[in-house]
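> missing the sequence, but the structure's below:
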């Protein structure tokens, strides 16, 4: 399973956002997309999912042009975790997760017992069983995010696109979500996630893509791409990248920003 | 036929000649006339040009002195035109100025230079104050006349004084009085228990009717028939349910809607009713003006005769034809052809099955 | 039994009771015993010795009217529920895309031209469908960022335009004859419902309800929003078109025989959502049952409470407003 963008130009009608973007996402890897606010990350994701039409170039899913596939087909292969969804109607969490099964259902069908099974399993794997009968609109932001991860899991897609899955989560929840993401990747799912925090890329990313003003500034292994120079170019701040030894004997890189007048 | 027509014509010519003398005899002078609302209005009488502010006033003026009418409030429909002389049918359409859905442009009215504005109908403080307003705004005298049935002779008299057509007005007053008196007298001889129970079906579904005392059923109630909807009390128009009509089981149904009349015989909800089974559903003619209901003006005089005939066939055995011919000639200034009379009277007969 | 089960059972029971009551009351006196004898005669084919008028009243007058009230209520509530899910807005009624305004224009044109009753109904139906089709066409020709907003705006604008045409026709109409007929039509009534009227609406309403029922899961997913629904595998554009078409078909059909009746399509889905939640699989049947019961109750009241017929639109407004305020105060969960 492979998602590929070739020389992709994307944006809204009359308002181009990005151009010449080429990237790939394969099963079992975690790719982190970094970039400043307004850099076009969400727009790129929507184009990769087929929710927006490309303005140039092409998006290929297993070598097939995305535009040639129908919505259900795409939804069976790529899942989407949108940014900051609060929801409007007070659906129960278990129903929200159940909606992930829609892509597998024929037009007039409703979820079967098997679908409900799968949803229950997904809820259990993500560890939110205690929320199953709660109203989606009443739970906290972090819990909502976990529920959406469960839904993506229930959707059973080999690829996942997550738009800032840890935004506005507390520290503990951030780590929990990243744990799930890593577990999914180890289970064979390809994850493309955008993040504001370079440390997350160091923590769980196999590859990093830097997106600036709609164009790819760099992509590759986190250690190679995330340098003080590239981060300064991306964010306009002074950052030190330091390799830190861990008690387990391994080491990990981390970013240490410095404040201007210190 | 020529003789009868000729006689009527001669009568009219004489009356017209007499009326024609009057204006020369008395040149227009300032007079104060008290109208039906008690308003003292200064007018130059006799008035030559009258703007009739609503349909009832138009018909009143047209009947008495058609040449004084400067225009109609709404245009004649194609079916109505053949009943009035062309030169009158072509008078301009000026719109209504009676306070109930005004469509007249005041400037258009002023441009037509009327000597007086006339309204004929309900007299109450609202309409009186409206009259005052228009009078003040335009500077044209505005007179209100009472449109009630029994005041028809009085209305003609006042109008005759205004237009300098006293003799003709007196003639009309006599005619109206005589008609009403004749009908009333004969109806009174019918004992109350033999008075027919009548339902007035309005609208395409026939479920709109007039409650007791409403101006729409004035004719029906005036001929002594029992308005079945009176069971609901007094009021104006009302929407009722077919169940109520079935419960009332009227002996006769009067309608003015041709669609309802056409459908009622086969409609499963209506055809079981005694009135329909007996063929006693009557469609009142309405060209050039309605015979019953609206406009509430002197056009309803012939409707009274018609109602009397269809509701009391025994007490009113004579044919309607002569009376209709006479009324149309007198009121609309044109004698209807035999074919026109046939069409007018077609729906006054009891329908037998198979027609 | 689940909560939904209780809700459906309760609504069904209320419905059954109301139907019996509706058959028993009316301006024409029919004794309870006669009613039972008629029912038995109908079922068993045995003759009854009652006068023909009584049979006419029960089966030709009350029967069609009761069925019509049920169908009208069901259709309006179903359409309202679908639209509220589709547009994610609890203040949406089936009229929002202009179907009622269009139907009103069609019917009033018919009254203005003094046409036959079934032509008036046909015009109402046709113009109602045309209004929504026009709104859709306008919205499609304007590709914007928010297709739902544009669609709703087009519907509102068209509704205003048709309303102005109606106002013009009222102004030009003959105040003695046509204006009362126009006014009565606009206020809504089932007073002159015949069996033929009921027959004419059964098919469109069935098609509409069937469409909504078959797509109940898709509608649920669609109520998350266009983007999320698309990401989950639902095509929002075509799905929305089918739902709007089905709801419009139902609404235009019932408005053509009943005139304009407001509040049912707004209020009943709310109430249903309070009872069973926003999942359309559960919401639709409960809304439909409650709508049918509500409409039947209101219509029965309209023909028995006063000496004359109370227009349905007036009655639903008088009943609907306090109920709506109560729902507003008591319910905290129906919407955010």
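Perfect, I can see it now. Keep in mind that what you see is a predicted model, and the values were worked out from it rather than measured.
> quick one: low-confidence residue ranges for the chain.
With no chain named, the answer covers chain A. A:84, A:261-262 (pLDDT under 70).
> actually, chain B is the one I wanted.
Residue ranges of chain B with pLDDT under 70: B:1-27, B:99-103, B:353-355.
> return the residues of it in contact with chain C.
Within chain B, the positions adjacent to chain C are B:74, B:100-101, B:103, B:202-205, B:207-208, B:232-233, B:237-244, B:246-247, B:249, B:256, B:259, B:263, B:267-269, B:272, B:293-295 by Cβ under 8 Å from any Cβ of the partner chain. Quick note: C-beta positions are derived from backbone N, CA and C, even for glycine.
> helices along the stretch 1-150 of chain C, start to end?
When assigned using DSSP state H, counting those that start in this stretch, the helices of the stretch 1-150 of chain C occupy the ranges C:3-24, C:32-44, C:52-55, C:63-86, C:99-112, C:117-141, C:147-172.
> just send the ones you listed back as a markdown table, with mean neighbour count, mean pLDDT and distance to chain A too.
Listed next are the helices of the stretch 1-150 of chain C as a markdown table, based on neighbours: other Cβ atoms under 10 Å in any protein chain shown; pLDDT from 0 to 100; distance: least, Cβ to the nearest Cβ, whole Å:
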| stretch | mean neighbour count | mean pLDDT | distance to chain A |
| --- | --- | --- | --- |
| helix C:3-24 | 16 | 90 | 12 |
| helix C:32-44 | 13 | 85 | 36 |
| helix C:52-55 | 16 | 80 | 43 |
| helix C:63-86 | 27 | 96 | 8 |
| helix C:99-112 | 26 | 94 | 24 |
| helix C:117-141 | 20 | 93 | 14 |
| helix C:147-172 | 17 | 93 | 12 |
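> three-state assignment of residue A:240?
For residue A:240, the assignment made with DSSP: H, G, I helix; E, B strand; the rest coil gives strand.
> could you pull up phi and psi at the closest residue to it other than its chain neighbours?
Distances taken as Cβ to Cβ, 6 or more residues apart in numbering or on different chains put residue A:256 closest to residue A:240, at 4.3 Å, once the chain neighbours are dropped. Torsion angles at residue A:256 (phi, psi; degrees, to the nearest 10) stand at phi -120, psi 100.
> hmm, back to that, can I get the helices of the stretch 1-150 of chain C in a markdown table with distance to residue A:227?
A markdown table is the format used below for these (distance: least, Cβ to Cβ, whole Å):
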| stretch | distance to residue A:227 |
| --- | --- |
| helix C:3-24 | 58 |
| helix C:32-44 | 88 |
| helix C:52-55 | 94 |
| helix C:63-86 | 50 |
| helix C:99-112 | 62 |
| helix C:117-141 | 50 |
| helix C:147-172 | 44 |
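> can you give me the distance of the residue nearest to residue A:240 to chain C?
37 Å (Cβ to the nearest Cβ, to the nearest Å).
> residues touching that residue, list them.
A:239-242 (Cβ atoms under 8 Å, 6 or more residues apart in numbering or on different chains).
> returning to that earlier point: pull out the buried members of the residues of chain B next to chain C.
B:74, B:101, B:202-205, B:207-208, B:232, B:237-244, B:246-247, B:256, B:259, B:263, B:267, B:269, B:272, B:293-295 (16 or more other Cβ atoms under 10 Å in any protein chain shown).
> take the residues you listed and keep only those in strands.
B:208, B:237-239 (DSSP state E).
> coming back round to it: looking at the helices of the stretch 1-150 of chain C, which is closest to residue A:231?
helix C:147-172 (39.7 Å; Cβ to Cβ).
> show me what the spatially most central residue of chain A is bridged to.
Centroid-nearest residue in chain A: residue A:162, 1.8 Å away (criterion: Cα atoms, centre = their mean). Counting by DSSP bridges, residue A:162 is bridged to residue A:81, residue A:193.
> so what's whichever residue of chain A sits closest to chain B up against?
Proximity of chain A to chain B (Cβ to the nearest Cβ) peaks at residue A:108, 39.7 Å away. Residue A:108 sits next to C:214-215 when contact means Cβ under 8 Å, 6+ apart.
> correct me if wrong, but it is in a helix.
No - using three-state DSSP, the assignment for residue A:108 is coil, not a helix.
> please name the bridge partners of residue A:2.
residue A:26.
> quick check: it touching residue A:29?
No - with contact defined as Cβ atoms under 8 Å, residue A:2 does not count as touching residue A:29 (10.5 Å).
> before we move on, the earlier item: out of the contacts of residue A:256, which is nearest to residue C:143?
Nearest to residue C:143 among the contacts of residue A:256, counting by Cβ to Cβ, is residue A:239 at 42.6 Å.
> any idea how far residue C:134 is from residue C:237?
18 Å (Cβ to Cβ, to the nearest Å).
> got it, and residue A:81?
With Cβ to Cβ as the criterion, residue A:81 and residue C:134 are 39 Å apart.
> can you check residue B:300 too?
Relative to residue C:134, and taking Cβ to Cβ, residue B:300 is found at 46 Å.
> near chain C, which residues of chain A?
Checking chain A against chain C by Cβ under 8 Å from any Cβ, the hits are A:12-13, A:46, A:49-51, A:70-72, A:74-76, A:79-80, A:82, A:85-92, A:95, A:99-100, A:102-105, A:107-111, A:135, A:137, A:155.
> in helices only, show me those.
In helices, judged by DSSP state H, the following of these are found: A:46, A:49, A:71-72, A:74-76, A:95, A:155.
> list just the nearest of those to residue C:113.
residue A:71 (47.4 Å).
> quick check: the spatially closest residue to that closest one that is not a sequence neighbour vs chain B, distance?
Excluding its sequence neighbours, the residue lying closest to residue A:71 (Cβ to Cβ, 6+ apart) is residue C:235, at 4.8 Å. Per Cβ to the nearest Cβ, residue C:235 is found 45 Å from chain B.
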